[in-house]
Structures are given as structure tokens and as C-alpha cells.
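>>> The sequence and its predicted three-dimensional model are supplied below.
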There are 2 protein chains.
Amino acid sequence: MQHCDTLIAPRWCVPVEPANVVLTEHAVIVNDGRITDVLPLADAHEKYQPSVTIEKPHHVLIPGFVNTHTHSAMTLMRGLADDMPLEVWLEKGIWPVEKRWVSAEMVRDGTELAIAEMITGGTTCFSDQYFFPEIVAATAVDLQIRAMVGTPIIEFPTAWANDASEYMSKATDLVHDPYIDHPLISTCFAPHSSFALSDKSFIDLRVMADQLDVRIQIHLHETQSEIDTAIKRTGKRPFDRLHELGIVNASLLAVHCVHMSDNEIEVFAKSGVNVAHCPRSNLKLASGIAPVTKYRKQGINVSIGTDGAASSNTLDMLSEMRKTALLAKASASDATAISAAQALRMATLDGAAALGLAAETGSIEPGKWADLSCVDLNRLHSQPVYDPVSQLVYTARADQITDVWIAGRHQLDNGRLMHIDTDNLLERSNEWRDRFAASIG
Amino acid sequence: MQHCDTLIAPRWCVPVEPANVVLTEHAVIVNDGRITDVLPLADAHEKYQPSVTIEKPHHVLIPGFVNTHTHSAMTLMRGLADDMPLEVWLEKGIWPVEKRWVSAEMVRDGTELAIAEMITGGTTCFSDQYFFPEIVAATAVDLQIRAMVGTPIIEFPTAWANDASEYMSKATDLVHDPYIDHPLISTCFAPHSSFALSDKSFIDLRVMADQLDVRIQIHLHETQSEIDTAIKRTGKRPFDRLHELGIVNASLLAVHCVHMSDNEIEVFAKSGVNVAHCPRSNLKLASGIAPVTKYRKQGINVSIGTDGAASSNTLDMLSEMRKTALLAKASASDATAISAAQALRMATLDGAAALGLAAETGSIEPGKWADLSCVDLNRLHSQPVYDPVSQLVYTARADQITDVWIAGRHQLDNGRLMHIDTDNLLERSNEWRDRFAASIG
């Protein structure tokens, strides 16, 4: 008999890789934070002597979700300014609040609220983009969640930096040093959008990203008006400009991509660009529905992101995964466009790949970190079960996520957050709400 | 002091009518199943001596949802055949199971599962359309939920009836007698679709509906192929044919209406037709997105339905309400197309109006039945709260529905179904699953 830290025995295990497999009567073995074995339960009982055994007789065990795009701290602005066109939302809602209130403290509290919500919703890894990224990273380390921390780069002054060169230098400090080879944190450059940077800044950024071997993420072609405005200002579509500046390559995560021409999609495919699809945010701000089925047919890796809660209201990956499948069917006029199993893969392994983390997380395979979620299907609205993957994707709600492990650490245990004081967190959130609400009159 | 049955004191009360009102520090008074007063809490404490006082300090009290289109018994087929085109879904999944298994027992168990799910999700009234409608009605009475029971009318033999005249005669028996002036049950004719009936049957139906003053509901223009096939067979679009046959009028509930020309929309508006919008089902079966904003601009009453769980997987009205708002924004390219408050009205009062029940339910107004739902907003993903209606529509999940009253009867109490044995219900559901799964190999 071999010792192991944890033996998890769910009713169903969906490893995602290999694809289209549902294991029953199987156990997942965890040691030192990593998955070390996936084997028939009978064999596991013969082979292992676990410190902890966890039986989940009504549950499906899946890889933790990878949320490839959010602005965690903005969770404090959830519902601050709903049902408004994008420009009004920014000008009357978000910007006045950000101008007055963005600070290290606000980013810490907002990021903590986001992380608490993400863990209860089965997310074990997120990609962030906001001011004070060093605080985002520190908070993720404190709360022990996997994160890709994007360092914002723009050219106007904020509480975090004053001009392009200060953004770039602070960004470089963060990506260069403290988190190299960190077990949980990776970093990348996050220029806000094509209109936020001059050609010179993009060229500097590209050189720096190449030198440091760091990925880039950027909002791209989110709305038609973004494209129209860019053409007026620069004579070019944002995509064309970025392509000429050498930004479009396999280390790019392009966020949104709602409006792309067939020709641009072809270039994307050839370049190996990854897409972060944020369906709910795109609906809510009336941006449109991204042509995800076209992307996938061309072989482009499409991951799923919730965007920030200020636009999309929640960080619920189950719901975004479901929307991804449903919207793809309607917009491609094809009920088979994205299946339940494909949607689950997009929300997990394809997300890990989009962040360059596919060797570390995103599937239940020996050698990867034990980033796992357990979902209870024994609820009225998920019964009866013909196919657990179908019930997971088309019926499950975040309250059915009962257990979450990140790098083997049991973060959600029978629905209870183990390492976050939620009462205190909600008190702080309400203090920020009062301040923010006062700022927008 | 006056006696009253129940005093409910929520943190927020959204009566829906009057529109755009959020009451705080208010009480709702219930007597003999009806709302008898809505008044400031301080006044309520002076005026009433309640048998039961219910305080809900983190909750928003809303009218119960009105689900204007479902096929309750099909809940047993939830996830039986997902990710398939409509024709394959019917021919390989649904029809073989229905042919072999539809019976009074199956309809009772399936309807009970549906009702249990609907009550836990805050739905207090539903409009049904399935075989054995007398069993649907009896089950709704047993479990004490408000229902509009549609009697199916088609022309081919099933376990319930053999030909058009038998469907019609059984339907007429049900709508004519047992439920006239019933406090919970109403009935209507539910011809399946334009292609399911001959001209003669539609003419007979119209005469009967006029004589008995009974409403009609029908699936209409759900898919483009429905329209194309009708044109091939009859030379007419289904809408035109029904219009000529006198079916298009203010007592019609037209379900789906995904594909309608501007001209048809105008006729709808003039005729006072009500629409049942089923966004999730339309996405899932790749039918498309109904032009709801156009309908509303023309003054057409648009209600919300979940459709049956065999296509849309759940009977979750919170989720359908959210999708209604989100999809309207994207498809109208207007973030203000349907606001949170408007979506809530569509899911409640506009639903009641679509069923001819606006005088009885759908808003928190004295004189109406006490059909109420209470939603807990004190969850991480619904916090902080700037606007309770916004948080309700854009963040709340069905597990936040803690309390439901139907005609004043406390059906869900702190998340617990009071009058349904769910263990036994799930056992029966699983027995049906085993039978169904065997039929489709």
C-alpha cells in the first residue's frame, strides 16, 4: 500500500482529456498538490492508503474552470450602472468611480470579493486585468488561487501610474521578477485596447514582451464602434494596426473579438492567436455575439471569460459555459455547433491553453495540479440524469458546486469557503458601495 | 387592531404595478389567500395583528413568476437527447419515448417533478400543453399551484386520443366544466401548431373557442423550416393561414414567434395577440432569437416561457428572464432595449396578462391572489446591492428563492418544499429514466 494525501471518489469523473470520456467507479489521487493517479476505485483501494478519503456519490468531478478574462476589483461595482449603452456606462458610471476611488485597498477588497465568488463557482484559475496588479497577485497568493495577472498599460494618468513609460516600467517590474516559477501566479502584459496606446508604445511593448518571453492580452473588436472610431482616427481597423505592429501572434490572448471579418479570422488562425469569449458581457453591453463556431472551425483556440462584474454582473463560469453552447447553436443555426462536452473543454482545458498553462491545469490528468471542482447533480432541476455532462452544462447552477481544490488545497468543502471570512468581506464590500454610490450621485 | 393571516416584511418589495417602484420598510398583508394591503411597516404594526409574521431582512419580495409555456411532463426527458437538430431530437429522442411511454402515470409523475422545480424556482403559475391535460390539472390542484392547462389538439392517434374529433371532444369536456371559476385552474385549447391541424379542424376549433369563450395557444413560426415546409404544402405561411382561419385575435397566445415579418408583426399588434417568448429553447434548438424588442415597440404583450425541459433543460424563470433582457440588448444592438425592471414585468404581470389572468395574479396589489416569491440577495455573487431589481434580474439564481406563496399558501419555506416528498419524487423520476433510456437504446 502506498500513502497518498487525498483520494476522491465521485459518482462520475469527467477528465476532459482524453475527450468524451465519463469515468464511473474511479478515484482521483492527489499528492503534494498534484494529481498523481486516476484509476478504477477497486484498484485504488488496493493500492493507496489515503490521509483523506472523499466520497461524492451524487457528484461529477471536473477540472476547475479557467476564467480567461475578468477585472476582479470591479466586482465592487456590480450593478452600479446597468442597462446603459457602453459610452454612458463608462462616462456616467465606471470612470467617475474609478477616478475617485481606485487604490491598493479598493483593489484588494474587490479582488477578494471576486476570488470568493469564483471559488464558490468552481473557478480555480483566472486571468485578470486591472490597476494595481501587484495587489491582485498578492491577494491571489494570500487566498491561494491560480491567476494570470495582467499588468495594465495605457497612456493616461491613474492612481497607479502617470504615463506610458511609468505603466511599462511598473509592468515590467511585476512580470520580470517576483513571480517567475511561482506555483500559482503567472503574469502578462495587458495593454487595454488598440486605442489606448500609440504605435511607439506598442512597438516598445512588443520588444519587451519578446525579450522577457511574456504573453500579451488585449480587448479587441469588442464593438463595431471601436472599429469605426479606429478607422476614422488611424485609417486602419484595430486588427490591421496590431498586425502591422507585430502584436498578432501565438502569445496573444485577444479578448471579445465580436466583430471579425473572414479574412481577419484566417490570419488569427494562422498566427495561433487565442480568443477569450465573454458572451454575457457582449450581450449585456449590446456588443453582439462573437462568431465562435467560425473560429473553432478554423482551428482557433477559444476560451471563456466572464469579463468584470461591472458589465456582466457575475463571475459565474457555469453560466458562461452554458451561454457559450446556447449562443453558438443559435448564431450558427446549428444545434450541434458546440456540444456540452465541447463547452466544458472550452471552460477548462482550452482556457488553460489560452493562458499558456495547459501543461499545469485544465484537465484531470496525472502530473497536473489538482485544480478540481465537484458538482452535485442530485437536485430536482438536474434530475433525472441521462448524461452527466449534459446535465452539468445545461442545468447546473453554481450552488451545486460543493467542493473545490486548488493545487490540492481544499478551498470549498461541502459548500463552505474554508479560508475566507465572508461576513467581514461583505461588510467591506458594502462600505465601498456606499462610497461609490455617493460619487455618482 | 385588525386580525390578518400573514404579514410579510421584506427588505425590499417590488410590486411590479405600479411600475418602477421599490418599496422599503413596507409590509404585505395576506388574508384568505389574497393580498389585502401593502403599507408602510410602521403603519402595519399599528393596524394589524397577524397570525404569522415573516421578516426577510436580506430579501426582495416579488410577484411569483408566470411561466407562459411549458410541457411539464416532459421534465422526465430532461437531457435525454441534447445537442441534436430539431428533427433528429424529435425522431430519435422524443417521439419513440412518447409513443411507448406516454400515460396518465407518466404525466402525473412528470408534472409533479416540473411543479416541484417550478415552485423552488419562484414560479407560481404555469401554462401547460401536453397529453392527459386532465391529469396535469388534477396534479396542479393536488400540489396547489396556479395553472393554465392547455388541451392538446392534433390529428394523429396517441395514448390520449385517436383522431381530431376525439381530441376536440376530450378537450371540450375539460375546458367546459370541471374548472369553471376554479381558484387555481384555468383551461385553454392548445392545437399543437399550424401543421398539426386541417383547415376544417381549425374552423371547428374557432367556433368552439368562441362559443365557450376559451383562449387558444399554439406554437407559431418557431423555425424557418416550419415556415418553408408550410409554404410547400399549403402555399401559405402558417401565420397567413391561421389569420385567414380566424385564429389570430386577442385570445391567442402565440408561442415562440422567432421568425416574423414586419407586416405580420403589425397584424399581431392590431389583433392584440400575446406572445410567449422562450429564449433558451430557441437557442438550444438553434431556432434563432425572437425579435422581442420589435414586438414591444409595436405594443404587443410579450410574456416569458421556459418551454419543456426536454428542449430547454430547466424550468428556471429567473434564468429565462435574464436571457430575455440580455438577448434583447444584443439583438437590437441597444443596451437599453429591455431593462431589468421591464424583464421582471414580462416574467410576472405580462405573463398573467398573456393568460388572461392579470386581474388575479402577476403583481403585488391588494385584491390579487397572494402569489409571491422571496429572493435572498445576501450572497457573494449578488453583493453589493446598488439596485435590488438589477441584482435580482442579472445575478440571482433559483437557489436564492427562499419562500414562495401561492394563493397565500406557504409552499416554499426557507428553501424547503412544504408539500412535496422530493425523495419519493426523484425515485419515481429515476424509474422513468430507466424505462425511457431503454426505449432509445
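Good, I have the coordinates. Numbering: from 1, shown residues only, chains lettered A, B, ... in the order given.

>>> Can I get the helix or strand hosting residue A:353 as PDB, trimmed to CA atoms?
Secondary structure assigned from DSSP states H and E places residue A:353 in helix A:349-354. Included here for helix A:349-354 are C-alpha records, laid out as PDB according to Å, rounded to 0.1, in the frame of the first residue of the first chain:
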ATOM      1  CA  LEU A 349      -8.500  22.900 -20.900                       C
ATOM      2  CA  ASP A 350      -8.900  25.400 -23.700                       C
ATOM      3  CA  GLY A 351      -8.800  28.200 -21.100                       C
ATOM      4  CA  ALA A 352      -5.600  26.800 -19.700                       C
ATOM      5  CA  ALA A 353      -4.100  26.600 -23.200                       C
ATOM      6  CA  ALA A 354      -5.100  30.200 -23.900                       C
END
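
>>> Paired strands for the helix or strand following it, with orientation please.
For helix A:349-354, the following helix or strand on the C-terminal side (DSSP H and E) is strand A:372-376. Sheet neighbours of strand A:372-376, with direction, are listed as strand A:48-63 (antiparallel), strand A:401-406 (antiparallel) (DSSP bridges).

>>> Can you say which of the ones you listed is packed in most?
strand A:401-406 (a mean of 24; mean count of other Cβ atoms under 10 Å in any protein chain shown). Every residue, glycine included, has its C-beta placed from N, CA and C.

>>> Pull up the distance across stretch A:234-249, start to finish.
Criterion Cα to Cα, to the nearest Å; first-to-last residue distance in stretch A:234-249 is 22 Å.

>>> and if you look at stretch A:13-28?
The first and final residues of stretch A:13-28 sit 8 Å from each other (Cα to Cα).

>>> same check, this time on stretch A:294-304
Start-to-end, stretch A:294-304 (Cα to Cα) is 15 Å.

>>> if I look at the closest residue to chain B within the stretch 101-250 of chain A, how far off is residue A:404?
When scored by Cβ to the nearest Cβ, the stretch 101-250 of chain A has residue A:117 as its residue closest to chain B, at 4.7 Å. Distance of residue A:117 to residue A:404, computed by Cβ to Cβ, to the nearest Å: 12 Å.

>>> pLDDT weak spots in chain A?
In the prediction, chain A carries residues with pLDDT under 70 at positions A:441.

>>> Centroid-nearest residue for it?
Compute the mean C-alpha point of chain A, and by Cα atoms, centre = their mean the closest residue is residue A:67, 1.5 Å away.

>>> Same question for the one helix or strand it maps to: list its buried residues.
Assigned by DSSP H and E, residue A:67 belongs to strand A:65-70. By neighbour count, with 16 or more other Cβ atoms under 10 Å in any protein chain shown as the criterion, the buried positions of strand A:65-70 are A:65-70.

>>> Same question for stretch A:402-421.
By neighbour count, and taking 16+ other Cβ under 10 Å as the criterion, the buried residues in stretch A:402-421 are A:402-408, A:410-412, A:417, A:420.

>>> Helices of the stretch 301-441 of chain A, residue ranges please.
The residue ranges that make up the helices of the stretch 301-441 of chain A, judged by DSSP state H, counting those that start in this stretch, are A:309-312, A:317-332, A:340-347, A:349-354, A:388-395, A:422-439.

>>> Next, format those helices as CSV and append mean neighbour count.
Conversion of the helices of the stretch 301-441 of chain A to CSV gives the following (neighbours: other Cβ atoms under 10 Å in any protein chain shown):
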stretch, mean neighbour count
helix A:309-312, 27
helix A:317-332, 26
helix A:340-347, 24
helix A:349-354, 27
helix A:388-395, 25
helix A:422-439, 15
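
>>> Up against chain B, what does the stretch 301-441 of chain A have?
Residues of the stretch 301-441 of chain A lying close to chain B by Cβ under 8 Å from any Cβ of the partner chain are A:313-316, A:326-327, A:329-330, A:332-337, A:339-340, A:378, A:380-381, A:383-387, A:390-391, A:394-395, A:397-399, A:422, A:425-426, A:429-430, A:432-433, A:436-437.

>>> rewinding a little: who wins for proximity to residue A:28 among the strands paired with strand A:372-376?
Set against residue A:28 and scored by Cβ to Cβ, the strands paired with strand A:372-376 come closest in strand A:48-63, at 6.4 Å.

>>> rewinding a little: hmm, who's touching the helix holding residue A:353?
Outside of helix A:349-354, the residues within contact range by Cβ atoms under 8 Å, 6 or more residues apart in numbering or on different chains are A:16-17, A:63, A:65-68, A:125, A:127, A:253, A:274-276, A:301-304, A:358, A:360-363.

>>> How far off centre is it?
Its chain's average C-alpha position is 10 Å from that of helix A:349-354, according to Cα atoms, centre = their mean, to the nearest Å.

>>> Over to stretch A:153-171?
Going by Cα atoms, centre = their mean, the spacing between the C-alpha centre of stretch A:153-171 and its chain's C-alpha centre is 24 Å.

>>> How about stretch A:289-296?
Counting by Cα atoms, centre = their mean, stretch A:289-296 is centred 18 Å from the centre of its parent chain.

>>> do it and chain B meet?
Yes: Stretch A:289-296 reaches chain B (Cβ under 8 Å from any Cβ) through residue A:289.

>>> Name the residues of that stretch that are buried.
For stretch A:289-296, a neighbour-count test (16+ other Cβ under 10 Å) marks A:289-296 as buried.

>>> For these, give me CSV that also has secondary structure.
Conversion of the buried residues of stretch A:289-296 to CSV gives the following (DSSP: H, G, I helix; E, B strand; the rest coil):
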residue, secondary structure
A:289, coil
A:290, coil
A:291, coil
A:292, helix
A:293, helix
A:294, helix
A:295, helix
A:296, helix
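
>>> Show me which of the residues you listed is closest to chain B.
When these are ranked by distance to chain B (Cβ to the nearest Cβ), residue A:289 comes first, at 5.9 Å.

>>> got a list of what the closest one touches?
Remark: with contacts taken as Cβ under 8 Å, 6+ apart, residue A:289 is in contact with A:258, A:279, A:282-283, A:327, A:331, B:330.

>>> how is chain A carved up into domains?
Taking automatic domain parsing as the domain assignment, the record places the domains of chain A at A:2-63+A:372-406, A:65-354.

>>> which of these is buried the deepest?
For those, the stretch with the most neighbours on average is domain A:65-354, a mean of 22; neighbours defined as mean count of other Cβ under 10 Å.

>>> one step back: which neighbours do residue A:117 and residue A:404 share?
Between them, residue A:117 and residue A:404 share no neighbouring residue, with contact defined by Cβ under 8 Å, 6+ apart.

>>> circling back: most widely separated two among the buried residues of stretch A:402-421?
Most distant of those, by Cβ to Cβ, are A:402 and A:407, 18.9 Å apart.

>>> Hmm, residue A:114 and residue A:314 touching each other?
No: counting by Cβ atoms under 8 Å, residue A:114 is not a contact partner of residue A:314; they are 10.3 Å apart.

>>> between the buried residues of strand A:65-70, which is closest to residue B:163?
When the buried residues of strand A:65-70 are compared for distance to residue B:163, the smallest value, 52.2 Å, is given by residue A:65; criterion: Cβ to Cβ.

>>> distance of the closest one from residue A:192?
Relative to residue A:192, residue A:65 is positioned 25 Å away (Cβ to Cβ).
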